[in-house]
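[1] Quick one, fold the following:
(2 chains)
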Amino acid sequence: MDELDLLSRLRPSDENPDPVALAKHRIALLNHAANPGARIATRRWAMPRLAIGAAVLAVITAVGLVIALPGGHQAPSGAFPPGPGTAPAAVVLLANAADAAANTPAGKGDWTYISTVTVAYDDRIHTFRTQAWRRIDGGDSLIRDERDGKVTEFKNADISGMSPPSLRNPTYRYLTTLPTDPTALRKLIYAEAQNELGDEKGPNARQLYTVDQWAFQLIGRLVGGAPPTLKAALYRVAATVPGVVSVNDTTDAAGRHGIGVAHSDNNSGDRTTLIFDRTTYQFMGSASEIHDGRTAAEAVLATGLVEKAGQTP
Amino acid sequence: MTALPARPATEAGEATDAAVFERSWADADAFAVIFDRHAVAVYRFLARRVGGQLADDLTGQTMLVAFDQRRRFDLSQPSALPWLYGIATNLLHRHTRTEVRRHRALARSTAETALQSHDELVTDRVAAAAQPLGSALAKLPAAERDIVLLVAWEGLSYEEIALALDIPIGTVRSRLHRARTKLRRALPKEDH
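    Presented below is the predicted three-dimensional model:
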């Protein structure tokens, strides 16, 4: 064996990149592509080294994960002009949404408030408005429901003692304890998605759903009631879910136009879109399309913490 | 022989790297495809030379520079990877100290796979060569080290290296020859 042979045999084995760091580079590339005049910033990011499985790596090579780190303002404001046109790539959109969410005040109080308009199509169109107040630790709640011209109020008793809060049944307080580091949050969400697919849906679940689809669903469910820093982290995790696409122009349940990021729900062609304001990147709500044409959408009109049930922020 | 990284094959119907580059002249976002195809390979190339931590940073820088220089990519090349290795190689020159330290420790960092062999004699020879080769590699001038590693660890051809580093093929040959001579001299006597 000659020296070249020996040297080849001493080739270090393949290392795998940290998907979070790689994703951050991809977003820097896209931002640079959109803003070529800006100086390339070579910031030192102190990244924890991750042990990465082959499955995750396959995802990186196939799709290109993107994530922006908390505190790092990767998306220059004004990088995307307002008005209809090509929406920024999903990953950049979600980075902007994360920045916007992180800078949104949470409000003050022991109650969460959310006001929504829901539209569901099955046999006919159902539209109803809801205002919901819930104690942050999961006790009492007050729901005001308005449909077909009738307003109904439901007061729900304190059931906080019944079962501890979890990702499936979170309280606001529980949500404030979740990690806001996107890497850690992603692990949590994917672990939960694996669990839910595993035990609840039976052995056929994995043929009907992919874990990515389930993870995106989970994120969508958590976003509406999440505290600002968690919202931001959720968007950053969403940007790393393979198969996320941007949507140019979409309408929410309240008839407002926005841009969106979408993902398939299952392998039958159902799809969920998270909708954002084109200029402020505030979360507007979500919409689901079932492959047979039926749709359901929920628009968020207002959300925040309040001192008492019945108050609005 | 260790398996050298397979060149990413373009699937039927998929645009070639050259086609993507061309599109990226007018549509900057299209360049993300190049990232998606090659960023991991670039990372691994860098990690082999300076380790994972620094490779993270340099991968990002490589792709940004690649974007800025995308019009310089020779469209007749089937893959952008050698060209990207060329950019990465240039960026590595600012980190020689880190690289040299790493090569000196080659024996300790050699992964199990590299020493795979059914022949004990081969394994022994490789193990014995690790430290002297690592030292010799560390002492090579950067230009020679770049080329010998592009051959030995990345499996690039002389043409690919010439295009990647934008140097004449003759220069590739002569630098490789000098590197190999020095490496050979460093080996334990029985391997000459």
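
[2] Can you name the secondary structure element that comes next after the helix or strand of chain A with the lowest mean pLDDT?
    Least confident helix or strand, chain A: helix A:54-63 with a mean of 33, by mean pLDDT, DSSP states H and E. Sequence order places helix A:90-102 as the next helix or strand after helix A:54-63, per DSSP states H and E.

[3] need the next SSE after that next one, C-terminal direction.
    Downstream of helix A:90-102 (by DSSP H and E), the next one is strand A:111-121.

[4] tell me how far that next one is from the chain's mean position?
    Centroid separation for strand A:111-121 versus its chain: 17 Å, with C-alpha atoms, centre = their mean, to the nearest Å.

[5] ok, that strand: who's next to it in the sheet?
    strand A:125-135 (antiparallel), strand A:295-306 (antiparallel) (DSSP bridges).

[6] would you turn those strands into CSV with distance to B:A66, mean pLDDT and mean neighbour count?
    In this view, the C-beta of every residue, glycine as well, is placed from N, C-alpha and C. Shown next, in CSV, are these (distance: least, C-beta to C-beta, whole Å; pLDDT from 0 to 100; neighbours: other C-beta atoms under 10 Å in any protein chain shown):
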stretch, distance to B:A66, mean pLDDT, mean neighbour count
strand A:125-135, 50, 87, 17
strand A:295-306, 40, 89, 19
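
[7] I'd like the ones you listed written out as CSV, with distance to B:S79 added.
    Converted to CSV, the strands paired with strand A:111-121 look like this (distance: least, C-beta to C-beta, whole Å):
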stretch, distance to B:S79
strand A:125-135, 53
strand A:295-306, 44
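
[8] What segments of chain B are helices?
    B:17-26, B:32-50, B:52-68, B:81-92, B:96-104, B:106-109, B:120-139, B:142-152, B:158-165, B:169-186 (DSSP state H).

[9] how big is the angle separating the longest one from helix B:96-104?
    This points to helix B:120-139. Orientation of helix B:120-139 against helix B:96-104 (axes from the mean of the first three to the mean of the last three C-alpha atoms, to 10 degrees) gives an angle of 160 degrees.

[10] In this structure A:A132 contacts A:T118, no?
    No - the pair A:A132 / A:T118 is not scored as a contact, 11.3 Å apart, by C-beta atoms under 8 Å.

[11] how near is A:R236 to B:R178?
    49 Å (C-beta to C-beta, to the nearest Å).

[12] So which of those two has more stuff around it?
    A:R236 (32 against 16; other C-beta atoms under 10 Å in any protein chain shown).

[13] Quick check, that one in contact with A:T180.
    No - judged on C-beta under 8 Å, A:R236 makes no contact with A:T180 at a distance of 9.2 Å.

[14] now the lengthiest helix in chain A, how far from the centre of its chain.
    Counting by DSSP H, the longest helix found in chain A is helix A:19-34. Centre-to-centre, helix A:19-34 and its host chain are 18 Å apart (C-alpha atoms, centre = their mean).

[15] and what of stretch B:138-149?
    That offset, for stretch B:138-149, works out to 11 Å (C-alpha atoms, centre = their mean).

[16] buried sites along it?
    B:138, B:140, B:144-149 (16 or more other C-beta atoms under 10 Å in any protein chain shown).

[17] Low-confidence regions, the stretch 151-300 of chain A specifically.
    A:157-162, A:199-207, A:293 (pLDDT under 70).

[18] could you pull out the strands for it?
    Taking DSSP state E, counting those that start in this stretch, the strands of the stretch 151-300 of chain A run over residues A:245-251, A:257-264, A:271-276, A:283-289, A:295-306.

[19] Serialize those to JSON lines and add fields for distance to B:L92.
    JSON lines is the format used below for the strands of the stretch 151-300 of chain A (distance: least, C-beta to C-beta, whole Å):
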{"stretch": "strand A:245-251", "distance to B:L92": "35"}
{"stretch": "strand A:257-264", "distance to B:L92": "37"}
{"stretch": "strand A:271-276", "distance to B:L92": "40"}
{"stretch": "strand A:283-289", "distance to B:L92": "43"}
{"stretch": "strand A:295-306", "distance to B:L92": "49"}
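
[20] Tell me which of the ones you listed sits most buried.
    Among these, strand A:271-276 has the highest mean neighbour count (mean count of other C-beta atoms under 10 Å in any protein chain shown), at a mean of 25.

[21] what residue lies at the spatial centre of chain B?
    By C-alpha atoms, centre = their mean, chain B has its centre lying nearest to B:L150, at 4.3 Å.

[22] Please verify my assumption that that one contacts B:G86.
    No - using C-beta under 8 Å, B:L150 is not in contact with B:G86, being 9.0 Å away.

[23] which neighbours do those two share?
    Residues touching both B:L150 and B:G86 (C-beta atoms under 8 Å, 6 or more residues apart in numbering or on different chains) are B:A164.

[24] For B:L58, grab the count of nearby residues.
    There are 25 residues near B:L58, going by other C-beta under 10 Å.

[25] Based on its surroundings, how many neighbours for the nearest residue to it once chain neighbours are set aside?
    The shortest distance from B:L58 to any non-neighbouring residue, by C-beta to C-beta, 6 or more residues apart in numbering or on different chains, is to B:L46 (4.9 Å). By other C-beta under 10 Å, the residues close to B:L46 number 28.
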